[in-house]
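Any chance you could fold what I've pasted below:
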Amino acid sequence: ARRIGTVFTPGEVNSVFYKQQLEAKARASGFEWHDVGVAAAGDVSDAAAALLANHLDALTQIADNLISSSFPAIAAAAQRAKVPIFTYSPTATGAMIIVARDYYDNGVQSGLIAARVMRGERPADIPFLSVPTINYIVNQKVAQQLGITIPPALRAKASKVIE
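All right, here's what the predicted structure looks like:
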């Protein structure tokens, strides 16, 4: 893959931040970068089609609130264009590869922090903690539909393989 891109939401600070981080890493690694911003759920399908019109080799779809709720439209556009999706949301049905923090683990960590606050610890004194568990999910079914062979080493690293 040499040409990659994402749909993002300019109105969400987290989306802009993740898009900038991904774009910088992609360009530094020699990828040609493309992105399209969306403002509403009704824009997502057209934005994905416009993005894919750039003859991308892969979508590297970041997650934000709008995109997460509209992901099926992105997945449908990618499927029509026969382009694999790599994403960072564990609930992204239709992605070929998912690399994402574990939502359950995130909930446990949040509960532990809430307990510290309830016991009287000041929230300002609690450092930011990143969720330690990262899941690798491989969707073999999507890969087969696209004619892509997932390397055995990547399959072995996966916490879940969807056949």
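
Before we move on, what's the pLDDT of the residue located most distally from the centre of the chain?
Taking C-alpha atoms, centre = their mean, the residue of the chain most remote from its mean C-alpha position is G120, at 36.1 Å. pLDDT for G120: 97.

can you tell me how far it sits from A53?
Using C-beta to C-beta, to the nearest Å, G120 is found at 56 Å from A53. All C-beta atoms are positioned from the backbone trio N, CA, C, and that covers glycine.

same question, R155
From R155 across to A53, the span is 32 Å (C-beta to C-beta).

Could you do I4 as well?
14 Å.

neighbour-wise, which of these two wins?
Neighbour count, other C-beta atoms under 10 Å: between I4 and A53, I4 has more, with 22 against 12.

What is the three-state secondary structure of the more buried one?
strand (DSSP: H, G, I helix; E, B strand; the rest coil).

Quick one: residues contacting it.
26, 31-34, 56-60 (C-beta atoms under 8 Å, 6 or more residues apart in numbering).

can we see that at 7 Å?
The contact partners of I4, by C-beta atoms under 7 Å, 6 or more residues apart in numbering, come to 26, 31, 33, 56-58, 60.

before we move on, what about F31?
2, 4.

at 10 Å what do you get?
By C-beta atoms under 10 Å, 6 or more residues apart in numbering, the contact set of F31 is 1-5, 22-23, 25, 57-58, 60.

got it, and Y136?
97-100, 154-161.

On the three-state scheme, the residue farthest from the centre of the chain is what?
Per three-state DSSP, G120 ends up coil.

mind checking how far it is from L129?
Counting by C-beta to C-beta - G120 and L129 are separated by 19 Å.

ok, now I97?
For I97, the distance to L129 - C-beta to C-beta - is 26 Å.

neighbour count winner among the two?
The neighbour comparison of I97 against L129 (other C-beta under 10 Å) goes to I97, with 22 against 11.
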